[in-house]
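In: Here's a sequence, model it:
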Amino acid sequence: MSYPKEKFEELERRLGGMAIPPDVDVEVLLPERDGVEYPTVVITYIGGDEEGPQKELVFNEAYWSSSLEHLMGAVMHQIKSLMEELQSFEGE
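Out: Alright, predicted model coming up:
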């Protein structure tokens, strides 16, 4: 498997420097380091006493030619989606 390692390492660096809500954890998993099949971003809600819901974004071959901005946008969309789901759940 020959994924664009440098692109996903840069994605990890950029995500680490972004203003993400404090109750959201974003973890980048890479194949050679974390034993996953494809680069994966795990977004977990960590508000309260225990871990809450999480979303997993798997970047398979279809994403490998995407720009870094597109990848960042996909991650930010998942973070926004998670937060909207939590707000919807709390409103019930």
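In: so where do the strands sit in the protein?
Out: Assigned by DSSP state E, the strands in the chain fall at 24-29, 40-45, 54-58.
In: Relative to S81, which of those strands is closest?
Out: Judged by Cβ to Cβ, the one of these that comes nearest to S81 is strand 54-58, at 6.9 Å. The way it works is simple: take the backbone N, C-alpha and C, and place the C-beta from them, glycine included.
In: related to what we said a few turns ago, just the strands of the chain: most buried one?
Out: Highest mean neighbour count among the strands of the chain (mean count of other Cβ atoms under 10 Å): strand 40-45, with a mean of 19.
In: what's the spacing between the nearest residue to N60 once chain neighbours are set aside and E84?
Out: Leaving out its chain neighbours, the residue that sits closest to N60 by Cβ to Cβ, 6 or more residues apart in numbering is Y38, at 4.9 Å. Y38 is 26 Å from E84, where distance means Cβ to Cβ, to the nearest Å.
In: Looking only at neighbour counts, state which of those two leads.
Out: Counted by other Cβ atoms under 10 Å, Y38 and E84 do not tie: Y38 has more neighbours, with 18 against 10.
In: helices or strands up against the longest helix anywhere in the chain?
Out: Ranked by residue count and defined by DSSP state H, the top helix of the chain is helix 68-90. Under the contact criterion of 3 or more Cβ pairs under 8 Å, 6 or more residues apart in numbering; DSSP states H and E, helix 68-90 touches helix 5-16, strand 24-29, strand 40-45, strand 54-58.
In: which one of those lies closest to S67?
Out: Closest approach to S67 among the helices and strands packed on helix 68-90 is made by helix 5-16 (8.9 Å; Cβ to Cβ).
In: Need the mean per-residue confidence for the closest one.
Out: Mean pLDDT, computed over helix 5-16, is 95.
In: can you pull the buried residues of it?
Out: 7-8, 11-12, 15 (16 or more other Cβ atoms under 10 Å).
In: Pick out the most distant pair among the residues you listed.
Out: Greatest spatial distance in these: K7 and L15, 12.6 Å, computed using Cβ to Cβ.
In: Good, wrapping up.
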